[in-house]
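S.K.: sequence plus predicted model, see below.
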Amino acid sequence: MLLSSCHSTTSKKGQEFETDSIFKSEPIPTEEEQGQSSGTTAFVLQPVPRDIPTGEAISPVLLSMQTEYNYYPLSTTEVKVTVTSHSQQEYICGNDYSLAYYNNEKRQWETLPTDPVIEDIGWILQPEYPTHEQTIKLYTSEVPNRAGKYRIYKAFNRNSKVAYAEFELVDETGAKRLRKQMDAARHNKNIISSQNLYVSYMRSDSIFVDLINNSIHFQKLFRKEILNYSAINYGAVREPSPFTQKAYTDTLQVSMKTEKPVYPIGTESVNVILTNKNLGQQNLFFGEYYFVARKQGTQWIPLYHNRLVNDVGILLKPHGDYQFKAQLYPLFNDNTSGQYRVYKEVEFDGTNRKWYMAAEFRIE
């Protein structure tokens, strides 16, 4: 058996180490043999706790063990762990492992049931093959999951060295605590993900997150910078669709333009001026919402932006100006040189006729 990113060996060297349990396959009996042995007792293998290894602890600088997520809900039944060697030293291990739960009342680690059958596979972690992944099953039918900290231990080099990966199971109260931590991190403007998050909510022990840019790249960055919880729901990855409705820079004595015609790459926002010059003395009505699009070929593709705005109505009297700041979110958009538009939907107060105004500018 060969797992991804790992090196399995059948060399003499690879055969020298042992695992806790080795089960060899037996010949399948014929019907006659089955009939003769019908009176024998069938044995069912049960999950068994394994002692925590007592070897020398390996520095995380040399070898690290990490679970896929730092936090999991109580309903979790499997946890993926990744072992990675960061040194030139060779580390040898098998599929055997120990699982433990920290009992806060007793202030000690308690071993939990593990797989009763461990495949006879040896792994050599070398610079050419530094990583090994393994899925650990939580036998909840034997011992129900409890909120708290858990560890997965593995022994290396004939049990002389040991490393572990730690994770936490949380109940609904724990999930609320995680969300509070997440919301507190939103105020840290030194990390990109805090600026990418614009709304979150909870349902039971799941956290739902809306990101300005919801691509896989920014989901991974969010887990790295803010919260690595398996029960976060980011929703479907959204790709902006081309905006195809007609828009005007000047129509019906209404105009919209940016403060400058050209802005440098990296500009975070542009000032926009909407002017009502209507001769019929009609008030212009609109809301706070707007969006920015970049021209790609013949299409206008909206930038990723914050869709959450205050639900307010604004009246612009004749011969009046309304100025607002349009955010370009350069952290979450590839705002290269090109032509851009700020779009805003407007209407005359008391009418049902709506249309889009557009203010064009360039980034160079």
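M.R.: Cool, got the structure. Numbering: from 1, shown residues only.
S.K.: can we go C-alpha only for contacts and neighbour counts from here?
M.R.: OK.
S.K.: which parts of the stretch 1-150 of the chain are strands?
M.R.: Assigned by DSSP state E, counting those that start in this stretch, the stretch 1-150 of the chain shows strands spanning 48-49, 56-57, 63-67, 71-73, 78-85, 91-94, 98-103, 108-114, 122-125, 131-137, 148-156.
S.K.: okay if I get the ones you listed as TSV plus mean neighbour count?
M.R.: Converted to TSV, those look like this (neighbours: other CA atoms under 10 Å):
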stretch	mean neighbour count
strand 48-49	16
strand 56-57	14
strand 63-67	19
strand 71-73	23
strand 78-85	18
strand 91-94	20
strand 98-103	20
strand 108-114	18
strand 122-125	24
strand 131-137	18
strand 148-156	21
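S.K.: nearest approach to Phe222 belongs to which of the ones you listed?
M.R.: Closest approach to Phe222 among the strands of the stretch 1-150 of the chain (CA to CA): strand 71-73, 14.0 Å.
S.K.: domain parsing of the protein, as residue ranges.
M.R.: Structural domains annotated on the chain: 13-26+42-170, 172-233, 247-363, as defined by automatic domain parsing.
S.K.: possible to save those as JSON lines with mean pLDDT and distance to Pro240?
M.R.: Formatted as JSON lines, those follow (pLDDT from 0 to 100; distance: least, CA to CA, whole Å):
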{"stretch": "domain 13-26+42-170", "mean pLDDT": "89", "distance to Pro240": "29"}
{"stretch": "domain 172-233", "mean pLDDT": "94", "distance to Pro240": "10"}
{"stretch": "domain 247-363", "mean pLDDT": "95", "distance to Pro240": "6"}
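S.K.: follow-up on the earlier one: in JSON lines: the strands of the stretch 1-150 of the chain, plus distance to Ser194.
M.R.: Shown next, in JSON lines, are the strands of the stretch 1-150 of the chain (distance: least, CA to CA, whole Å):
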{"stretch": "strand 48-49", "distance to Ser194": "42"}
{"stretch": "strand 56-57", "distance to Ser194": "36"}
{"stretch": "strand 63-67", "distance to Ser194": "24"}
{"stretch": "strand 71-73", "distance to Ser194": "19"}
{"stretch": "strand 78-85", "distance to Ser194": "27"}
{"stretch": "strand 91-94", "distance to Ser194": "38"}
{"stretch": "strand 98-103", "distance to Ser194": "32"}
{"stretch": "strand 108-114", "distance to Ser194": "35"}
{"stretch": "strand 122-125", "distance to Ser194": "37"}
{"stretch": "strand 131-137", "distance to Ser194": "31"}
{"stretch": "strand 148-156", "distance to Ser194": "27"}
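S.K.: to Met256, which of the ones you listed lies closest?
M.R.: The minimum distance between Met256 and the strands of the stretch 1-150 of the chain falls on strand 71-73, with 49.0 Å, by CA to CA.
S.K.: can you list contacts of the closest one?
M.R.: Defining contact as CA atoms under 8 Å, 6 or more residues apart in numbering, one finds that strand 71-73 is touched by 167-171, 175, 205, 228-231.
S.K.: buried sites along the host helix or strand of Val342?
M.R.: Per DSSP states H and E, Val342 falls inside strand 338-348. Residues 339-348 are the ones in strand 338-348 that count as buried (16 or more other CA atoms under 10 Å).
S.K.: which other residues reach it?
M.R.: Contacts for strand 338-348 (CA under 8 Å, 6+ apart): 247, 282-287, 289-295, 326, 353-364.
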